[in-house]
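Enquirer: Predicted model follows, preceded by the sequence.
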Amino acid sequence: MSRTITVIPGDGIGPSIVESAIQILDKVGCDFNYEYVDAGITALNTLGYLLPHTTTDSISRNKIVLKGPLTTPVGEGFTSINVTLRQLYQLYANVRPVVSFKGTKARYDNIDIITVRENTQGMYSGEGQFISDDGETAQASSVITRKGSADIATYAYELARKEKRKKVTIVHKANILKSTSGLFLKVAREISKNYPDIQTTEMIVDNACMQLVMNPERFDVIVTTNLFGDILSDLCAGLVGGLGMAPGANIGKEHAIFEAVHGSAPDIAGKNIANPSSMILASVQMLQHLGMIKEADKIMVALRDVIATGDRTTRDLGGVHGTTDFTDAVLSRLS
């Protein structure tokens, strides 16, 4: 019996890059059924809701989601639908791998780092965020729990062991944020003792940013809190060519959402020029999560070859081609 995947095409360039990923999944032999639903601006415009019940029902039923980028207003407006989904389905682990691809315009050619970010707590927990009536004062609270810290640290060490990684770096700001970041560090240290086969290092987030730029080879798996992980994972993407080359997985006990981590890029929507690599890599993460390693490896080999040879690559990769041409280049290597 084939598995049904919930597909959220997303806003802006989302539908085109999601379609690219699905064509490739089909070509490599994945026998999936796809249930398409909407969220974000697209859902608001067509159905009157940012997150319709039909969408949440589909996610609850199918458990696995492939999602395009959703627009989030800056500074005001509605709460991020991405954050809402993570809270709703307790997707506590955000997993952001970055790896070097030959043929990209990247500073380094030997990057292989996984950032494991706590995904439901910290500054994004939604607790106590408000602006005073006179608009003069804003306040936000950060909530860190022992359980949340233990869950994300355990996930990071288990992932490191599964992927045969050698080191986990705990990134924190416990020198200043002694309560919240201090609790996270204390619990992560406790969890690390259960994994004597994996080297553990600790690093203050300021230094981690500098070291990632100057000495990225020092990092293997990073585990950190929500806000720091959000920032560090994008920094890591910059080491391999940008957000167009970086996927993300949001993992919970029962549900998982796999997504392109860049924005919806409404300025280029419908122009057939977006690089679909992030979405393709997200689908690879999904296959790995489902234990479909053979299919995942085939897609990775094809994608690497397209980028390395410059065959029909998009502008951000130094080419002159568009989304459909790039997709065709990958498909041609899967025949």
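Expert: Thanks, I have the structure now.

Enquirer: My read is that residue 101 contacts residue 304, right?
Expert: Yes: with contact defined as Cβ atoms under 8 Å, residue 101 and residue 304 form a contacting pair (6.1 Å). In short, each C-beta sits where N, CA and C put it, glycine included.

Enquirer: Who has more neighbours out of the two?
Expert: Set side by side, residue 101 and residue 304 show more neighbours around residue 101, with 21 against 15, by other Cβ atoms under 10 Å.

Enquirer: Low-confidence stretches in the stretch 51-200 of the chain?
Expert: Scanning the stretch 51-200 of the chain for pLDDT under 70 picks out 73-78, 126-128.

Enquirer: Please enumerate the helices of it.
Expert: 53-62, 81-88, 146-162, 180-192 (DSSP state H, counting those that start in this stretch).

Enquirer: Tell me which of those lies nearest to residue 3.
Expert: Proximity to residue 3 (Cβ to Cβ) singles out helix 53-62 among the helices of the stretch 51-200 of the chain, at 7.9 Å.

Enquirer: If you count neighbours, what's buried in that closest one?
Expert: For helix 53-62, burial by neighbour count (16 or more other Cβ atoms under 10 Å) applies to 55-56, 58-59, 62.

Enquirer: Check stretch 135-144 too.
Expert: If you call a residue buried by 16+ other Cβ under 10 Å, then stretch 135-144 has these buried ones: 142-144.

Enquirer: Out of these, flag the one nearest to residue 318.
Expert: Nearest member of the buried residues of stretch 135-144 to residue 318, counting by Cβ to Cβ, is residue 142, at 41.1 Å.

Enquirer: Can you read off the backbone torsions of the closest one?
Expert: phi -110, psi 130 (degrees, to the nearest 10).

Enquirer: dump the residue contacts of it.
Expert: Each residue near residue 142 by Cβ atoms under 8 Å, 6 or more residues apart in numbering is listed here: 121-123, 125, 127, 177, 180, 227.

Enquirer: could these be laid out in TSV, adding distance to residue 287 and neighbour count?
Expert: Shown next, in TSV, are the contacts of residue 142 (distance: Cβ to Cβ, whole Å; neighbours: other Cβ atoms under 10 Å):
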residue	distance to residue 287	neighbour count
121	29	25
122	30	24
123	32	18
125	31	20
127	35	12
177	38	17
180	36	21
227	30	17
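
Enquirer: hmm, back to that, and the helices of the stretch 51-200 of the chain as TSV, adding distance to residue 271?
Expert: What follows is the helices of the stretch 51-200 of the chain, written out as TSV (distance: least, Cβ to Cβ, whole Å):
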stretch	distance to residue 271
helix 53-62	27
helix 81-88	24
helix 146-162	37
helix 180-192	43
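
Enquirer: out of those helices, nearest to residue 333?
Expert: Closest to residue 333 of the helices of the stretch 51-200 of the chain is helix 146-162 (Cβ to Cβ; 27.8 Å).

Enquirer: ok, so of the buried residues of helix 53-62, who is nearest residue 215?
Expert: residue 59 (40.1 Å).
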